[in-house]
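Visitor: return a 3D structure for these sequence lines:
(3 chains)
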Amino acid sequence: MNYLRRILTIVGKDIAAEIRTKEMMNSMIVFVLLTLVIFNFAFGERFEGAAEASAGILWVAFLFAAVLGLNRVFVHEKDEGCLDGLMLCPVDRSVIYFGKALASLIFISVVELIALPIFAIFFIRTIFLANLWLLILVLILSNVGIAAVGTLLSAISINTKARDLMLPILFFPVIVPILIAAVKSTGLIISSPSFPEDVLVWLRMLAIYDIIFILVGFLTFEYVLEE
Amino acid sequence: MPESATSLISVRGLSKTFGRRRVLEDIDFEVEKREFLAIFGPNGAGKTTLIKILATLILPSSGTVCLDGIELKKNPLAARERIGLISHESLLYGDLTAHENLRFYGRMFGVLNLEERISHLLEKVELEHRKFDLVRTFSRGMQQRLSIARALLHEPSILLLDEPHSGLDPHATEILDGILEDLRKDDHTFIMATHNLEKGLNHATSVLILSQGRTVFGGRKDALDISDFRKTYDGYVGSHV
Amino acid sequence: MRDWIQRILFWFSLIGIIVSIFMVFFYAPIDRNLGIVQKIFYFHLPVAITPYFAFLVVFVCSILFLWKRERRWDVIALASAEIGLVIDTALLVTGTIWDKPTWGVWWVWEPRLTTSLIMWLLYAGYLLLRRSVGEEARRARFAAVYGIVAFISVPISFMSIRWWRTLHPLVFKPTGIELEPPMIFTVFVCLIAFFFFYLCLLRQRIGLEFLKEGIEDLKDSLGGG
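Guide: Take a look at the predicted model:
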């Protein structure tokens, strides 16, 4: 119980700081919009209404924005030695991991929820609202994986010489299964008026990925922090 | 430092290597309750690493550290409850207010009657009037004072200080020294790493001099020739290099 | 002792490779459907399997490093990652050559080949990460964590790419290879020869790393003294 409370304390701290500065969210939202617009110019009208292609555009935009945000996850912990401050607290190192990952999950999800209607206006002609809950489920499952892997790799990349450059290089090849599953299931959902059976395969894939990488993050995070 | 089973802090055979680099080698010392140990040494002697190991921020490569009968490696969480760290960095979030910072750390430590404790400490470090201001807007000295309040939140019995005077103006230094003196009356035990010989010696009851990761002097202050400490210190450090 | 093992590995792999080349060209029959180009298969298969093995070694050594904190595990992981990446590069090149006669195009997003490409990106990232961390102990820790993350992601990537492909049936149908017993035997010999070649390279690379460290130690002792 205490374990959970401490995790939420870290999340609360991050949200309070973000609400004050809006540094991360503002740039992420603008970035998603930019990406969507640029894709539209790059591909013209070709992908309009083509469900899977537009789902691809959506997820590329989301992943790029996520990397942008994940890069910032530990920036504030680095100045003034705040990470040391966290590590001095009488909590397991995994509390720090889950706290930071949960905060990232929230930030990424909020950005996506804001961007989603705009994406629909830009790229989708017929909207099937019946499966909206399914789409939300896909978003959540994907974001959990992104946050679980991203937080771990962000803690690594913040301590490298190349910093911002390192995270995408480490992050994208690991996140491939999420990208495939998210694009596939989003494509199925937005193009189908009824429940698409095929989506179950991909939801299972996302869930397996999430479980595995939450476990990996939980087990290895302390080795990233501890010297 | 007399050896006894009841020492509050005991460090035995402590070594730390980073890759091929040996930073600390076979450090032994004991600190009794209410003692003030000053750790001196030139840059790169391993002072900060030693403090960080005592604070459970860095794992030792070999050797044991016991705080209040708790072995650091076996039960770091219990040890952290007893430790307060004041370093030259404030460990505070610039985007949060003074009050939010203290509340955050207080919750992480599970401090009871947190609001009372925060008001009490802010009063002590003379920052009540800036309670709801962002830490970003604080001067260096004010940040350091708030950092002292943060370190004392959970009422630690052992205070670790890493160059606490660095970057402070005379007024802030005065306040810091005043608080340290007050705390000594309240049964706190101190370990301070510093290159400021004068400050360190003023507070100290025991002295540890490190050079290139090894102990070149360890003992009570009385055993040192302090009439010309600079010369004595150079003698110890120099004899080793 | 070390020299002795190294020499055995060297001769084993040299003789093994010479024998395999002879077997590929003079012992194994020419494939009825694909003709002479099928010969690349004998090289392609061991090259395809070795990176997986090399990266498995990285994975195991990464875990051992985090557990034991002994530097040699880090050195073995580094050596194996480098060799794995080189062989993976060879795999991608032979893979494209292999694709042309079988599928009719140079590159097909076929699960195995695509997974090899993603693996290439993962371990290129692994080596870039190592270059990007100056402090030795930290580099070893970070590399070990990424060595674990990267390896675990490989089978999941493979699965997802396979499902991704099966839902989109391929346009090009491969012409199957019918393996005759001499062909199977040849493949087997090639695999063993290649395995020794990998071990030989690994041993050499580890030795090189320790030599490099010896030089650093000497430099330190000269500078410090």
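Visitor: can you pull out the strands in chain C?
Guide: Counting by DSSP state E, chain C forms no strands at all.
Visitor: so where is it shaky, pLDDT-wise?
Guide: C:1-2, C:166-178, C:224-225 (pLDDT under 70).
Visitor: for chain B, what's its nearest residue on it.
Guide: Residue of chain C nearest chain B, by C-beta to the nearest C-beta: C:Glu136 (2.8 Å). Quick note: C-beta positions are derived from backbone N, CA and C, even for glycine.
Visitor: and the longest helix anywhere in chain A, what's buried?
Guide: What stands out as the longest helix in chain A, according to DSSP state H, is helix A:93-123. Buried residues in helix A:93-123, counted by 16 or more other C-beta atoms under 10 Å in any protein chain shown: A:93-109, A:111-112, A:115-116, A:119, A:122-123.
Visitor: related to what we said a few turns ago, which non-adjacent residue is nearest the residue of chain C closest to chain B?
Guide: In space, and not counting its chain neighbours, C:Glu136 is closest to B:Gly19: 2.8 Å by C-beta to C-beta, 6 or more residues apart in numbering or on different chains.
Visitor: what do you get for A:Ser194?
Guide: Nearest one to A:Ser194, counting by C-beta to C-beta, 6+ apart, is A:Ala130 at 7.3 Å.
Visitor: following the helix ranked longest in chain B, which helix or strand shows up next?
Guide: In chain B, taking DSSP H as the definition, the longest helix is helix B:170-185. Per DSSP states H and E, the first helix or strand lying C-terminal to helix B:170-185 is strand B:189-193.
Visitor: what residues does whichever helix or strand comes after that following strand touch?
Guide: Where DSSP H and E defines the elements, the next helix or strand beyond strand B:189-193 is helix B:197-203. With contact meaning C-beta atoms under 8 Å, 6 or more residues apart in numbering or on different chains, helix B:197-203 is reached by B:36, B:38-40, B:165, B:177, B:180, B:184, B:190, B:192, B:194, B:207, B:221, B:226, B:229-230, B:233.
Visitor: same question, stretch C:152-171
Guide: Outside of stretch C:152-171, the residues within contact range by C-beta under 8 Å, 6+ apart are A:173-174, A:176-177, A:180-181, A:184, A:198, A:201-202, A:205, A:208-209, A:212-213, A:216, C:52, C:55, C:59, C:103, C:108-112, C:114-115, C:118-119, C:122.
Visitor: which positions in it come out as buried?
Guide: Per 16+ other C-beta under 10 Å, stretch C:152-171 contains these buried residues: C:Ile152, C:Ser153, C:Val154, C:Ile156, C:Ser157, C:Phe158, C:Met159, C:Ser160, C:Ile161, C:Trp163, C:Trp164.
Visitor: run the angle between the longest helix of chain B and strand B:189-193 for me.
Guide: Note on geometry: by axes from the mean of the first three to the mean of the last three C-alpha atoms, to 10 degrees, helix B:170-185 and strand B:189-193 are set 140 degrees apart in direction.
Visitor: packing partners for the lowest-mean-pLDDT helix or strand in chain A?
Guide: When each helix and strand of chain A is scored by mean pLDDT, DSSP states H and E, helix A:75-78 comes last, with a mean of 87. In terms of contacts (3 or more C-beta pairs under 8 Å, 6 or more residues apart in numbering or on different chains; DSSP states H and E), helix A:75-78 is packed against helix A:82-88.
Visitor: hmm, the helix it packs on touching chain B?
Guide: Yes. Residues of helix A:82-88 contacting chain B under C-beta under 8 Å from any C-beta of the partner chain: A:Cys82, A:Asp84, A:Gly85, A:Leu86, A:Met87, A:Leu88.
Visitor: which other helices and strands does the longest helix belonging to chain C contact?
Guide: Scanning chain C for the helix with the most residues, using DSSP H, yields helix C:181-224. Where contact means 3+ C-beta pairs under 8 Å, 6+ apart, helix C:181-224 is packed against helix C:2-22, helix C:40-68, helix C:71-103.
Visitor: re the thing from before, chain center to the longest helix of chain A: distance?
Guide: Taking C-alpha atoms, centre = their mean, to the nearest Å, the mean C-alpha location of helix A:93-123 is offset from the chain mean by 5 Å.
Visitor: buried ones in the helix or strand just after that helix, by neighbour count?
Guide: For helix A:93-123, the following helix or strand on the C-terminal side (DSSP H and E) is helix A:132-157. Buried residues in helix A:132-157, counting neighbours by 16+ other C-beta under 10 Å, are found at A:134-135, A:137-139, A:141-157.
Visitor: right, is helix A:132-157 up against chain B?
Guide: No. Judged by C-beta under 8 Å from any C-beta, helix A:132-157 and chain B are separated, with a smallest distance of 15.0 Å.
Visitor: who in chain C is up against chain B?
Guide: Counting by C-beta under 8 Å from any C-beta, chain C sits next to chain B at C:Arg69, C:Arg71, C:Glu135, C:Glu136, C:Ala137, C:Arg138, C:Arg139, C:Ala140, C:Glu213, C:Glu216, C:Asp217, C:Asp220.
Visitor: list only those of these flagged as buried.
Guide: Looks like the residues of chain C next to chain B have C:Arg69, C:Arg71, C:Glu136, C:Ala137, C:Arg138, C:Arg139, C:Ala140 buried, using 16+ other C-beta under 10 Å.
Visitor: can you redo those as a markdown table with distance to B:Glu100?
Guide: Formatted as a markdown table, those follow (distance: C-beta to C-beta, whole Å):
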| residue | distance to B:Glu100 |
| --- | --- |
| C:Arg69 | 38 |
| C:Arg71 | 43 |
| C:Glu136 | 38 |
| C:Ala137 | 35 |
| C:Arg138 | 31 |
| C:Arg139 | 36 |
| C:Ala140 | 37 |
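Visitor: next one: A:Pro177 from B:Asp68, what distance?
Guide: A:Pro177 sits 48 Å away from B:Asp68, going by C-beta to C-beta, to the nearest Å.
Visitor: comparing the two, which shows the higher neighbour count?
Guide: With neighbours defined as other C-beta atoms under 10 Å in any protein chain shown, A:Pro177 and B:Asp68 compare such that A:Pro177 has more, 27 against 17.
Visitor: what sits against the more buried one?
Guide: Per C-beta under 8 Å, 6+ apart, neighbours of A:Pro177: A:Met205, A:Tyr209, C:Ser153, C:Ile156, C:Ser157, C:Met159, C:Ser160.
Visitor: now do 10 Å
Guide: Shown in contact with A:Pro177 (C-beta atoms under 10 Å, 6 or more residues apart in numbering or on different chains): A:145, A:202, A:205-206, A:208-209, A:212-213, C:118, C:153, C:155-161, C:163-164.
Visitor: kindly report the same for C:Pro46.
Guide: So C:Pro46 contacts C:20, C:53, C:87, C:91, C:187-195, C:197-198 (C-beta under 10 Å, 6+ apart).
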